[in-house]
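**Student:** Let's see this in three dimensions:
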Amino acid sequence: MKLVILLGDGMADHPIEALEGKTPLEAAETPNMDRIAREGRGGLARNVPPRMPPGSDVANLSVMGYDPRRYYTGRAPLEAAAMGVSLGPEDVAFRCNLVNVDLDRGVMVDYSAGHISSEEGRELIAALQKSDPKARLYPGVSYRNLLVRGGDEGLQAVCTPPHDISGQPIDGYLPKGEGAAALREMMLASVPILAEHPVNLRRAREGKRTANMIWLWGQGKAPSMPKFRELWGVEGAVISAVDLLKGMGVYAGLEVINVPGATGVLDTNYEGKVAACLEALDRVDFVYLHVEAPDEMSHDGKLEEKIEAIQRFDERVVGLVLAGLERSGHQWRVAVLPDHPTPIALRTHTAEPVPFAMIGSGIEADGMEAFSEREGARGGCGTIDGWRLMGMMVERAGIGSAGSS
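**Tutor:** The predicted model follows:
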């Protein structure tokens, strides 16, 4: 049995007046996800447990079959694993965003510094590293970078993701609590260094947003997680453009597949991801295929682009994966879902349950008519803890086990 999870990050939303009360999922043309809902079974997945932050880290950990209440230690350690950065027992990793702040008004303008390129980000991180030899800075993808500190200073600080405060004054969201002073000092010290860097001077001349500050958040120590095959009895792979998902794959013992042209935004290499998925299924039994674009469009507040991202995911990922599996001669099951809602009106994540649907061998239809938030609430599976979805995938499939956390 071949198992595939197709995850459209942040696809779920709230009803929008401009869409006549529909959500983007309901407004988008999604014949392939609708087919999975009509011919399969589904419900709502609670991927963010109560009192946990509604981040992609917590939510994707759930969907991957790990109870985050047991295994989650922070976002940055997962990204460190994807970057090949080994954390010692005393190390604390921090996500280090390159952001654009209106320094005169003290307002967060852009959590991604205009989706700065990885090459430009690498130059800026190198300059910051030279200015502070005590810090260990590592360049990542675009605006997403990493900082590692020895010792627990800052581990307990309250840090806010910058994508949660777009358009808001930053004063109330700078790190607070134990060890926060050192983090604030590092963030503010980055401003004069970045201001005069050739990368930012060039971006300013070209009318692009500059990366004029770093923002530290998502801190944590290395997690201790069982391998995916130990939990579920299946060897697998993960395909994503973002380090967070790759890092989860590293800790889970999944094969991490890098696809050329996978960007994490609307222009990502959808077909390349599908080809890598289908090829991987010749050697493993499970693939987790993640697409970031709907979430990025939500954070940017771009409604039309979010709908377009959902439609591209449906046509160029879901439809092609289904067609490839139907040609393969294998028995198979496919599940499709978001990790969390990212409502356009809020431009950040929320914790509500999200719709999911499964189709394939041994799965009977349960009455849903389309793939959406409202139809998910009608699904025969009801509302489940997200980490149990993987158990439903392998149940009675002749592979693996029911798993437990």
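**Student:** Residues in contact with the longest helix along the chain: which ones?
**Tutor:** Ranked by residue count, the top helix of the chain under DSSP state H comes out as helix 180-195. Helix 180-195 has contacts (Cβ atoms under 8 Å, 6 or more residues apart in numbering) with 94, 103, 124, 127-128, 131-132, 135, 147, 153-154, 157-159, 174-175, 200, 210-216. C-betas here are computed from N, CA, C, even on glycine.
**Student:** could you redo the last one with a cut-off of 10 Å?
**Tutor:** Residues outside helix 180-195 that contact it (Cβ atoms under 10 Å, 6 or more residues apart in numbering): 94, 96, 98-99, 101, 103, 113, 124, 127-128, 130-132, 134-135, 147, 149, 153-154, 156-159, 170, 174-177, 200-201, 204, 210-217, 219.
**Student:** now stretch 260-271
**Tutor:** By Cβ under 10 Å, 6+ apart, the list of residues contacting stretch 260-271 from outside reads 9, 112, 115, 118, 141-142, 144, 239-243, 245, 259, 272-273, 275-276, 289-297, 300, 302, 305-306, 308-309, 312-313, 315-318, 320.
**Student:** Okay, now that stretch: how far is its last residue from its first?
**Tutor:** Terminal residues of stretch 260-271 are spaced 11 Å apart (Cα to Cα, to the nearest Å).
**Student:** ok, back up a step: for the longest helix of the chain, buried residues please.
**Tutor:** 180, 183, 186-187, 190, 193-194 (16 or more other Cβ atoms under 10 Å).
**Student:** next one: stretch 47-57
**Tutor:** Buried, per 16+ other Cβ under 10 Å, within stretch 47-57: 47-49, 52-57.
**Student:** hmm, which two among these are most spread apart?
**Tutor:** Spatial extent of those (Cβ to Cβ) is set by the pair 49 and 56 at 14.6 Å.
**Student:** what's the closest of the buried residues of helix 180-195 to residue 233?
**Tutor:** Nearest to residue 233 among the buried residues of helix 180-195, counting by Cβ to Cβ, is residue 183 at 41.8 Å.
**Student:** State the pLDDT value of that closest one.
**Tutor:** Residue 183 is assigned a predicted lDDT (pLDDT) of 95.
**Student:** angle of the longest strand seen in the chain against helix 180-195?
**Tutor:** Longest strand in the chain by number of residues, with DSSP state E as the criterion: strand 91-102. Orientation check (axes from the mean of the first three to the mean of the last three Cα atoms, to 10 degrees): strand 91-102 against helix 180-195 gives 50 degrees.
**Student:** Need the CA coordinates for strand 91-102. PDB is fine.
**Tutor:** The C-alpha coordinates for strand 91-102 follow below in PDB (Å, rounded to 0.1, in the frame of the first residue of the first chain):
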ATOM      1  CA  ASP A  91      22.400  24.800  22.600                       C
ATOM      2  CA  VAL A  92      19.300  26.900  22.000                       C
ATOM      3  CA  ALA A  93      18.400  27.600  18.300                       C
ATOM      4  CA  PHE A  94      16.400  30.700  17.300                       C
ATOM      5  CA  ARG A  95      14.700  31.400  14.000                       C
ATOM      6  CA  CYS A  96      16.300  34.600  12.700                       C
ATOM      7  CA  ASN A  97      14.100  36.400  10.200                       C
ATOM      8  CA  LEU A  98      15.300  39.200   7.900                       C
ATOM      9  CA  VAL A  99      12.500  41.700   8.200                       C
ATOM     10  CA  ASN A 100      11.600  45.100   7.000                       C
ATOM     11  CA  VAL A 101      10.500  47.600   9.800                       C
ATOM     12  CA  ASP A 102       9.500  51.200   9.400                       C
END
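**Student:** That one pairs with which strands, and in what direction?
**Tutor:** Its sheet considered, strand 91-102 pairs with strand 107-110 (antiparallel), strand 144-150 (antiparallel), strand 213-220 (antiparallel) by DSSP bridges.
**Student:** Would you reformat those strands as CSV and include mean pLDDT and mean neighbour count?
**Tutor:** Shown next, in CSV, are the strands paired with strand 91-102 (pLDDT from 0 to 100; neighbours: other Cβ atoms under 10 Å):
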stretch, mean pLDDT, mean neighbour count
strand 107-110, 97, 20
strand 144-150, 93, 21
strand 213-220, 96, 25
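**Student:** Excluding sequence neighbours, find me the nearest residue to residue 315.
**Tutor:** residue 32 (7.0 Å; Cβ to Cβ, 6 or more residues apart in numbering).
**Student:** Using the three-state scheme, assign the one you found.
**Tutor:** Following DSSP: H, G, I helix; E, B strand; the rest coil, we place residue 32 in the helix state.
**Student:** what's the neighbour count on it?
**Tutor:** The local packing of residue 32 (other Cβ atoms under 10 Å) involves 24 other residues.
**Student:** Could you check the pLDDT of it?
**Tutor:** 98.
**Student:** Buried members of the contacts of stretch 260-271 into PyMOL, please.
**Tutor:** The following PyMOL line selects those of those that are buried, judged by 16+ other Cβ under 10 Å:
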select buried, resi 9+112+115+141+142+144+239+240+241+242+243+245+259+273+276+289+290+291+292+293+294+295+296+297+300+302+305+306+308+309+312+313+316+317+318+320
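**Student:** Out of the contacts of stretch 260-271, name the ones that lie in strands.
**Tutor:** 141, 144, 239, 289-291.
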